[in-house]
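*Asks:* Okay, sequence plus prediction incoming.
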Amino acid sequence: IDRLTAADSPEQYTQVGLRGSVESYAGPLTGILALEYGRRWYADPDDASSAGTAIDVDGYDDILFAESDFSYLEIWLMATWAVSPTVSVELIANYQPERHTEQDDDSALGYANARLVWRP
């Protein structure tokens, strides 16, 4: 459980997630595959003091920043394949989609990095 409740933060939230992984460290292929699924709830959007930055523009407090609640999935892959005693291929990949209560806020981030390593 994560909770961000800093008084000066424009995005206070509570987050709950479950993480599991599979690891292998035997043979020429080693690595880890980890998955986390969770949910994040933001403060009440009707409460200007906790949901965002409020300023008085036209006699009313207007929320300048607010987030919608979302479910998330994080997928991590880290692997090394020892091609020979001195050469290996290393892979790191991550994918993080978010499904928000406001569909326009949906997003996904991802990246991958592969490298050939030589150790004399």
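*Replies:* Perfect, thanks for sending it.
*Asks:* ranges for the strands of this structure?
*Replies:* Taking DSSP state E as the criterion, the chain carries its strands at 2-4, 13-24, 29-42, 54-56, 61-63, 70-82, 87-100, 107-118.
*Asks:* As CSV, the ones you listed with mean pLDDT and mean neighbour count would be great.
*Replies:* The way it works is simple: take the backbone N, C-alpha and C, and place the C-beta from them, glycine included. Putting the strands of the chain into CSV (pLDDT from 0 to 100; neighbours: other C-beta atoms under 10 Å) gives the following:
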stretch, mean pLDDT, mean neighbour count
strand 2-4, 78, 11
strand 13-24, 94, 12
strand 29-42, 95, 15
strand 54-56, 51, 12
strand 61-63, 53, 14
strand 70-82, 96, 16
strand 87-100, 97, 15
strand 107-118, 97, 10
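*Asks:* Please report how far residue 36 lies from residue 26.
*Replies:* Residue 36 sits 25 Å away from residue 26, going by C-beta to C-beta, to the nearest Å.
*Asks:* If you could redo that for residue 68, that was the one I meant.
*Replies:* Applying C-beta to C-beta, the value for residue 68 to residue 26 is 44 Å.
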